[in-house]
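Colleague: Below: sequence and its predicted model.
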Amino acid sequence: MRLLALVLSLAVCLPSWAEPSKTTDEIAKFMTERGLLERIGDVGNTVEAKASELVVNAMGFLGVPYKRGGTSVETGFDCSGFVRTIYEQTAGLLLPRKAEQQAAATEKIDKSELRPGDLVFFNTMRRAFSHVGIYVGNGKFIHSPKPGAEVRVEDMGISYWARRFDGARRVQAEAPLSPPPAQ
């Protein structure tokens, strides 16, 4: 993304008297010589593919029962166990075990910046970040809600979730997310 911003700023800095087609050709030549077009496309495709993969993988768990402390299809999932499993299976990233730890280990983003694959947090137990789900797009998220329920998709706009929304976070692939095991 920084690369794209740099390229766009270079285009803006070109003299106003430059012919548009000549300017476009020069930018294209510059970007091609340095392999920038290919790199921009690769980065965009990788990010989109991973987010799509996360959502598709999560959808494969619809109907799995809630289980407090659960971290697998066999036992069922609690909210943070579900999120942790999806990220580990899909992206190879090991998130911390509890929802509040997942919030602390990820990058805070504004609700308006939400993209599929981001984490959404809710205050469902009179404490911050007591519930977590994965944003799937269009104001909806997938999660393992509560005892007696199953993994499902819900609308963040309904009053229950809207009143309890606690923030959004983005998982950064470069950062170690779970502390190393104790020795």
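Modeller: The structure has been received and is ready for your questions.

Colleague: List the buried residues in the helix or strand hosting Val136.
Modeller: Val136 is part of strand 131-137 when elements are defined by DSSP states H and E. Residues His131, Val132, Gly133, Ile134, Tyr135, Val136 are the ones in strand 131-137 that count as buried (16 or more other CB atoms under 10 Å). No exception for glycine: its C-beta is placed from N, CA and C like everyone else's.

Colleague: Just name whatever secondary elements it is in contact with.
Modeller: Helices and strands touching strand 131-137, as assessed by 3 or more CB pairs under 8 Å, 6 or more residues apart in numbering; DSSP states H and E, comprise helix 36-59, helix 79-91, helix 99-104, strand 119-122, strand 140-143.

Colleague: That one - what's its average pLDDT?
Modeller: Mean pLDDT, computed over strand 131-137, is 97.

Colleague: Pairing partners for that strand, with directions?
Modeller: The pairing partners recorded for strand 131-137 under DSSP bridges are strand 119-122 (antiparallel), strand 140-143 (antiparallel).

Colleague: possible to save those as a markdown table with distance to Thr71 and mean pLDDT?
Modeller: Output for the strands paired with strand 131-137, formatted as a markdown table (distance: least, CB to CB, whole Å; pLDDT from 0 to 100):
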| stretch | distance to Thr71 | mean pLDDT |
| --- | --- | --- |
| strand 119-122 | 17 | 98 |
| strand 140-143 | 14 | 98 |
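
Colleague: ok, and which of these has the densest surroundings?
Modeller: strand 119-122 (a mean of 25; mean count of other CB atoms under 10 Å).

Colleague: what's the distance between the residue lying closest to Gly81 once chain neighbours are set aside and Arg170?
Modeller: Leaving out its chain neighbours, the residue that sits closest to Gly81 by CB to CB, 6 or more residues apart in numbering is Thr71, at 3.9 Å. Thr71 is 22 Å from Arg170, where distance means CB to CB, to the nearest Å.

Colleague: Ala104 now?
Modeller: From Ala104 to Arg170 the distance is 13 Å (CB to CB).

Colleague: what's near enough to touch Tyr160?
Modeller: Not one residue lies near Tyr160 by CB atoms under 8 Å, 6 or more residues apart in numbering.

Colleague: from what I can see, it looks like it's in a helix, true?
Modeller: Yes - membership of Tyr160 in a helix is supported by DSSP: H, G, I helix; E, B strand; the rest coil.
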